[in-house]
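1. Coordinates only, no sequence provided:
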């Protein structure tokens, strides 16, 4: 995929489709893509450092605890990297953690399991968040899940995905990694799990999501 990064401050109705991952990723831009990749990479390092610091502790940790630790590190690193950008608006007011980007996107940090499944407390607010919204004054705001792939018990590459319901799989997802030989170049790969069945995840709770309170 060839990247053409947008400098606009918003996406107007009809300009691009939220269902086109290539167009959305181009609009999100290189600055955020780089920040997300670096945040996931640093979280991977931090998890390793924690394990090296107290290796005897890790066998006693629940997957919920490990997921929460990773979520905290990705969120903190991503916020640190984009906080100074005029394109960003960061909401960190428990239970809501959300990033506004370029007046065109709202983003939440998520762990993506096989099939790019994410999970959250199925409150009405959480369910509504992923549903398409009507444009305001002609300006569309697209809601995206950003974070990392969880692959066989390890942190995989950074990922961006779009869905129109909390309890369905992504309509599209892309992974982002740096080229090994050219670190300044971002490698983008489409992820389409077309063989995955539709799943009802309404009762599933993930520990990387804010707890228990309805989200707006």
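-> Sure thing, it's come through. Model, not experiment: these values are computed from the prediction. Numbers count the residues shown, from 1 in each chain.

2. surely residue 132 meets residue 164?
-> Yes: using CB atoms under 8 Å, residue 132 is in contact with residue 164, at 5.6 Å. The C-beta positions use only the backbone N, C-alpha and C, and glycine is treated the same way.

3. tell me which element the residue of the chain most remote from its centre is part of?
-> Centroid-distance maximum for the chain: residue 56 at 30.9 Å, with CA atoms, centre = their mean. Element membership of residue 56, judged by DSSP states H and E, is empty: it is in no helix or strand.

4. what about it, distance to residue 63?
-> 18 Å (CB to CB, to the nearest Å).

5. Quick check: residue 166 vs residue 112, distance?
-> 14 Å.

6. Same check on residue 165?
-> Relative to residue 112, and taking CB to CB, residue 165 is found at 16 Å.

7. Who has more neighbours out of the two?
-> Neighbour comparison, residue 165 and residue 112: the larger count goes to residue 112, with 25 against 13 (by other CB atoms under 10 Å).

8. Need phi/psi at that one.
-> Backbone torsions of residue 112, given as degrees, to the nearest 10, read phi -110, psi 120.

9. Verify the contact between it and residue 161 for me.
-> Yes: contact criterion CB under 8 Å: residue 112 and residue 161 qualify, at 6.4 Å.

10. shared neighbours, those two?
-> Taking CB atoms under 8 Å, 6 or more residues apart in numbering as the contact rule, residue 112 and residue 161 both touch 118, 145, 173.

11. if I look at residue 166 and residue 112, which residues touch both of them?
-> Shared contacts of residue 166 and residue 112, counting by CB under 8 Å, 6+ apart, come down to residue 118.

12. For the closest residue to residue 185 other than its chain neighbours, grab the count of nearby residues.
-> Of all residues not flanking residue 185 in the chain, residue 179 sits nearest, at 4.3 Å (CB to CB, 6 or more residues apart in numbering). Counted by other CB under 10 Å, the residues lying close to residue 179 total 10.

13. Can you tell me how far residue 179 is from residue 66?
-> Distance of residue 179 to residue 66, computed by CB to CB: 29 Å.

14. try residue 100
-> Where residue 66 is concerned, residue 100 sits at a distance of 29 Å (CB to CB).

15. now residue 157
-> Counting by CB to CB, the gap from residue 157 to residue 66 is 18 Å.

16. just residue 110 next, same as before
-> Distance from residue 110 to residue 66, by CB to CB: 15 Å.
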